[in-house]
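**Q** What follows is a protein structure lacking sequence information:
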């Protein structure tokens with residue numbers, strides 16, 4: 001498979017660190033970002049590269065040469081005039097035979113490329129975009145998708161958002177079919193996302209590959225130092241789905257948002273006082289943050305799936321405003337008891353996903369390669385604690401949520417008891433350090 005890496009950026013915001021170096025050549029732990037990328041791709045069997053360089057690209061070609069010293073084949077395309085992020089594809093028609101990887105050279109990453117490629121093949125996509133939640137969705141382009149992961153629209157960061165939206169952003173890494181390159185007919189200045197990706201979104205041939213893996217651009221000094229610190233602490237490699245993941249599973253009501261019996265409208269959802277800070281701590285650790293919640297309001301007919309999405313989008317937006325995010329969220333829509341006015345009969349079943357059953361945790365385990373034995377479940381009821389026991393996780397019971405946490409499964413014993421989510425996360429991370 002061929003990888004095309006856009007490395008022509010001038011990196012003006014990083015001048016205090018790079019000087020006259022192209023941004024992809026800035027060193028992290030003594031090695032250019034571009035070299036970290038190439039090593040990640042080589043581990044997936046990618047050995048052919050085309051690096052797109054600009055006027056100051058001689059530094060890159062001199063460092064990597066033809067790739068022989070890096071066990072790779074490297075060619076270069078120099079843009080005499082800027083072609084945006086997509087125009088160069090018009091120059092590469094003869095070099096592209098099949099699917100190819102297209103990414104930007106200022107991204108620090110370590111991902112399971114084979115999983116990404118398998119997703120692309122399974123969806124029969126023209127473009128698969130690597131997507132993830134981030135800590136600043138309010139100033140990011142958002143991908144709107146359906147339950148099949150098909151991209152329905154790109155919500156520009158420049159839009160006035162007077163609505164709730166999912167925190168799912170485009171990371172700038174793509175797997176593309178050859179037709180994507182052929183779509184760009186002339187070597188002119190083209191924005192890949194606005195022109196190329198948008199075209200295939202309209203054609204319903206673009207899909208979002210959601211992942212928890214580490215992908216961050218180093219475009220500002222602040223981000224550069226953050227990435228450098230993550231690299232030194234092993235977080236970047238640990239987040240790769242090639243490695244088993246650790247997760248802090250979070251209940252929703254009474255844990256992330258203030259306990260309010262049943263939330264049936266976004267207006268009724270308010271975050272607990274420590275939720276954002278706690279989840280931000282998880283985000284900066286090598287744990288995933290995944291919400292697991294029972295939502296019987298769907299089976300009772302008290303809220304629609306679209307309404308529940310808006311409730312969850314509000315929760316994600318409130319977290320995003322505070323620099324925090326959930327890696328994913330899973331909910332059970334079922335309820336076994338019948339007799340409610342307006343109930344949805346097909347959802348009135350005894351399922352395998354309603355806590356304390358562990359169907360949702362098993363879905364997360366499969367998707368994110370989670371080691372349940374090294375994971376935790378934090379919730380405000382003994383039902384959450386029983387879920388943890390059933391899954392083989394450790395657990396923390398919160399005392400600040402559900403007024404009657406022992407209503408069910410009163411004999412379930414947690415690993416630890418805390419008042420707030422922040423205290424729980426701090427305890428887990430402290431335990432983590434002692435066990436290293």
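**A** Arrived safely. Nothing here was measured: the structure is a model prediction, and the numbers come from that model.
**Q** Please count neighbours and contacts with C-alpha atoms only from this point.
**A** OK.
**Q** Which residues are in contact with residue 436?
**A** Contacts for residue 436 were tallied using CA atoms under 8 Å, 6 or more residues apart in numbering; there are none.
**Q** Mind pulling up the pLDDT for it?
**A** On pLDDT, residue 436 comes in at 71.
**Q** ok, now residue 152?
**A** 98.
**Q** ok, now residue 404?
**A** Reading off the model, residue 404 has pLDDT 81.
**Q** Check residue 10 too.
**A** pLDDT, residue 10: 60.
**Q** for residue 401, same thing?
**A** Residue 401 is given a pLDDT of 85.
**Q** Tell me where the model's unsure across this structure.
**A** Applying pLDDT under 70 to the chain flags the ranges 9-16, 18-19.
**Q** any idea how far residue 146 is from the residue nearest to the spatial centre of it?
**A** By CA atoms, centre = their mean, the chain has its centre lying nearest to residue 132, at 2.5 Å. From residue 132 across to residue 146, the span is 15 Å (CA to CA, to the nearest Å).
**Q** Could you do residue 379 as well?
**A** 29 Å.
**Q** Looking at those two, which has the bigger crowd around it?
**A** residue 379 (35 against 11; other CA atoms under 10 Å).
**Q** what's around the closest residue to the more buried one other than its chain neighbours, how many residues?
**A** Nearest non-adjacent residue to residue 379, counting by CA to CA, 6 or more residues apart in numbering: residue 251, 4.9 Å away. Residue 251 has 23 neighbouring residues, counting by other CA under 10 Å.
**Q** Could you verify my assumption that residue 251 touches residue 291?
**A** Yes. Using CA atoms under 8 Å as the test, residue 251 is close enough to residue 291 to be in contact (5.7 Å).
**Q** Name the residues that touch stretch 228-235?
**A** So stretch 228-235 is contacted by 28-29, 236-237, 285-286 (CA under 8 Å, 6+ apart).
**Q** I'd say residue 412 and residue 388 touch.
**A** No. Look at residue 412 against residue 388 with CA under 8 Å: they stay out of range, at 9.5 Å.
**Q** Comparing the two, which residue is more hemmed in?
**A** residue 388 (31 against 17).
**Q** Neighbours of residue 186, how many?
**A** A count of neighbours around residue 186, defined by other CA under 10 Å, yields 13.
**Q** ok, now residue 431?
**A** Applying other CA under 10 Å, I find that residue 431 has 11 neighbouring residues.
**Q** and it, that's in a strand?
**A** No. With DSSP: H, G, I helix; E, B strand; the rest coil as the criterion, residue 431 is located in helix rather than a strand.
**Q** residue boundaries of the helices in the stretch 251-400 of the chain?
**A** 275-283, 305-321, 359-368, 382-391 (DSSP state H, counting those that start in this stretch).
**Q** Would you convert the ones you listed into a markdown table that also reports distance to residue 425?
**A** Below are these laid out as a markdown table (distance: least, CA to CA, whole Å):
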| stretch | distance to residue 425 |
| --- | --- |
| helix 275-283 | 6 |
| helix 305-321 | 16 |
| helix 359-368 | 19 |
| helix 382-391 | 16 |
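**Q** Mean neighbour count, those: which tops it?
**A** helix 382-391 (a mean of 24; mean count of other CA atoms under 10 Å).
**Q** coming back round to it: out of the contacts of stretch 228-235, grab the one that's most surrounded.
**A** residue 236 (22 neighbours).
**Q** sorry, back to before: adding distance to residue 371, write the contacts of stretch 228-235 out as CSV.
**A** Shown next, in CSV, are these (distance: CA to CA, whole Å):
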residue, distance to residue 371
28, 29
29, 29
236, 18
237, 16
285, 16
286, 13
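**Q** domain assignment for this structure?
**A** Using automatic domain parsing, the domains assigned to the chain come out as 2-225, 244-435.
**Q** Would you check that residue 99 makes contact with residue 181?
**A** No. Counting by CA under 8 Å, residue 99 does not reach residue 181; the two are 9.8 Å apart.
**Q** I'd like the domains of the chain as JSON lines, with distance to residue 232 appended.
**A** As requested, the domains of the chain are exported to JSON lines (distance: least, CA to CA, whole Å):
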{"stretch": "domain 2-225", "distance to residue 232": "8"}
{"stretch": "domain 244-435", "distance to residue 232": "13"}
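**Q** How about the contacts made by residue 29?
**A** 228, 231-232.
**Q** One more: residue 127?
**A** 120, 174-177, 180, 197, 200, 205-207.
**Q** Just the ones of those in helices?
**A** Counting by DSSP state H, those place 120, 180, 200 in helices.
**Q** So which of those residues is the closest to residue 223?
**A** residue 120 (29.5 Å; CA to CA).
**Q** list the contacts for that closest one?
**A** 127-128, 175, 207.
**Q** Pipe these into TSV and attach distance to residue 192 per row.
**A** Output for these, formatted as TSV (distance: CA to CA, whole Å):
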residue	distance to residue 192
127	11
128	13
175	13
207	15
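**Q** Skip the chain neighbours and tell me the closest residue to residue 258.
**A** Nearest non-adjacent residue to residue 258 (CA to CA, 6+ apart): residue 272, at 5.0 Å.
**Q** ok, so what distance separates the one you found from residue 255?
**A** Relative to residue 255, and taking CA to CA, residue 272 is found at 7 Å.
**Q** Then residue 130?
**A** 30 Å.
**Q** more neighbours, these two?
**A** residue 255 (27 against 22).
**Q** The more buried one is in contact with residue 384, isn't it?
**A** No. Using CA under 8 Å, residue 255 is not in contact with residue 384; the gap is 10.6 Å.
**Q** Report the set of residues contacting both of these two.
**A** residue 378.
**Q** Near residue 174, how many other residues are there?
**A** 26.
**Q** Who is it paired with across the strands?
**A** Beta bridges link residue 174 to residue 102, residue 129 when assigned by DSSP bridges.
**Q** do the same with residue 51
**A** residue 5, residue 76.
**Q** List the contacts of it.
**A** Counted by CA under 8 Å, 6+ apart, residue 51 has contacts 4-7, 74-77.
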